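Colleague: sequence first, predicted model second:
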Amino acid sequence: MSGHSKFANIKHKKEKNDAAKGKVFTIIGREIAVAVKEGGPDPANNFKLATVIAKAKANNMPNDTIERGIKKAAGDVGNVTYEFVTYEGYGPNGIAIIVDALTDNKNRTAANVRSAFTKGQGNVGTPGCVSFMFDKKGQIIIDREECDLNGDDLMMTALDAGAEDFSEEEDSFEVLTDPDSFEEVRAALEKAGIPMLSAEVTMIPQNYVSLTDETAVKNLQKTLDLLEEDDDVQAVYHNWDE
């Protein structure tokens, strides 16, 4: 997704009601629990936890809520039953869709994901059927209005920290990193006092597909809405050029 449309989507999601924010916090809380179970409660020694904390901060989750989640997970490690699962499939006109979920019941989640695809006239495919069309990258979006640095200075700060690429849009700046360098770059920008609208490791399409048929657009939107509403779904990636 281009920096601009990604920026617009993030702004739109952050302006949704408190219920939507509550779902984001629930999603991140589950990710914290799994990260602590896998690597311990110290983000300095747990890259996955550090990445989730960065995501939490970018979504304005209060620090005390983050710390409570880590402490609760650390004392509850044996009871964490969530596991990550990924689904891949196609929406109308061959739109590629990847769904990341975190679930304690894979049968329930699989049925819900399949239903969302079916209701939008799409279908779930086999593992790997569309993921080759995406690149896994660390992505940091910065609101131009919130950033005191100009584009050139911000670019140099990001590249010096280890970023792979930097782009400017009308409303925003986008920093891309190798997934392994993401936390180092994010921490450097945070230390430099640069506010980040979003900071996460994500899947970025190599190419985008436009939809001109109104029915196809409605069907795809139906699938995406149903997936976004599912409590087990952590993230949805697609190559639709909105």
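Modeller: That came through, no problem.

Colleague: contacts for the longest strand along the chain, please.
Modeller: If each strand of the chain is counted by residues according to DSSP state E, the longest one is strand 134-143. Residues from elsewhere that reach strand 134-143 (C-beta atoms under 8 Å, 6 or more residues apart in numbering): 3, 6-7, 10, 96, 98, 154, 158, 164, 171-179, 181-183, 185-186, 189, 194-206, 237, 239. Where C-beta positions appear, they are placed from N, C-alpha and C, glycine not excepted.

Colleague: averaged pLDDT, it. What do you get?
Modeller: If you average the pLDDT over strand 134-143, you get 94.

Colleague: list the buried residues of that strand.
Modeller: 134, 137-143 (16 or more other C-beta atoms under 10 Å).

Colleague: now do stretch 138-158
Modeller: In stretch 138-158, counting by 16+ other C-beta under 10 Å, buried: 138-144, 147, 149, 154-155, 157-158.

Colleague: can you check stretch 88-105 too?
Modeller: Neighbour-count burial for stretch 88-105 [16+ other C-beta under 10 Å]: 88-93, 95-103.

Colleague: got the domain ranges for this structure?
Modeller: The chain is divided into the following domains under automatic domain parsing: 3-79, 83-131+207-238, 133-205.

Colleague: which residues are in contact with stretch 70-85?
Modeller: By C-beta under 8 Å, 6+ apart, stretch 70-85 touches 30, 32-37, 40-41, 49, 100-104, 106, 109-110, 234.

Colleague: need the three-state assignment for the closest residue to residue 43 other than its chain neighbours.
Modeller: Distance criterion C-beta to C-beta, 6 or more residues apart in numbering; nearest residue to residue 43, sequence neighbours excluded, is residue 50 at 4.0 Å. What DSSP: H, G, I helix; E, B strand; the rest coil gives for residue 50 is helix.

Colleague: got it, and the one 5 residues further on?
Modeller: For residue 55, the assignment made with three-state DSSP gives helix.

Colleague: for the one 5 residues further on, same thing?
Modeller: Classification of residue 60 by three-state DSSP places it in coil.

Colleague: then residue 237?
Modeller: strand.

Colleague: re earlier: tell me which of the contacts of stretch 70-85 fall in helices.
Modeller: 30, 32-37, 49, 106, 109-110 (DSSP state H).

Colleague: identify the farthest-apart pair in those.
Modeller: Largest separation among the ones in helices among the contacts of stretch 70-85 by C-beta to C-beta: 49 and 110, giving 27.2 Å.

Colleague: what's the closest of the buried residues of strand 134-143 to residue 128?
Modeller: residue 134 (11.2 Å).

Colleague: so how far is stretch 92-110 off the chain centroid?
Modeller: Centroid separation for stretch 92-110 versus its chain: 14 Å, with C-alpha atoms, centre = their mean, to the nearest Å.

Colleague: rounded mean pLDDT for it, please.
Modeller: Rounded to a whole number, the mean pLDDT of stretch 92-110 is 95.

Colleague: count the neighbours of the closest residue in space to residue 27 that isn't next to it in sequence for me.
Modeller: Nearest non-adjacent residue to residue 27, counting by C-beta to C-beta, 6+ apart: residue 234, 5.4 Å away. For residue 234, the neighbour count with other C-beta atoms under 10 Å is 19.

Colleague: same question for residue 172.
Modeller: 24.

Colleague: cool, residue 120 as well?
Modeller: Count around residue 120 with other C-beta under 10 Å applied: 23.

Colleague: thought residue 217 was touching it, still the case?
Modeller: No: contact criterion C-beta atoms under 8 Å: residue 120 and residue 217 do not qualify, at 10.4 Å.

Colleague: common neighbours of the two, please.
Modeller: Contacts common to residue 120 and residue 217, judged by C-beta under 8 Å, 6+ apart, are residue 92.
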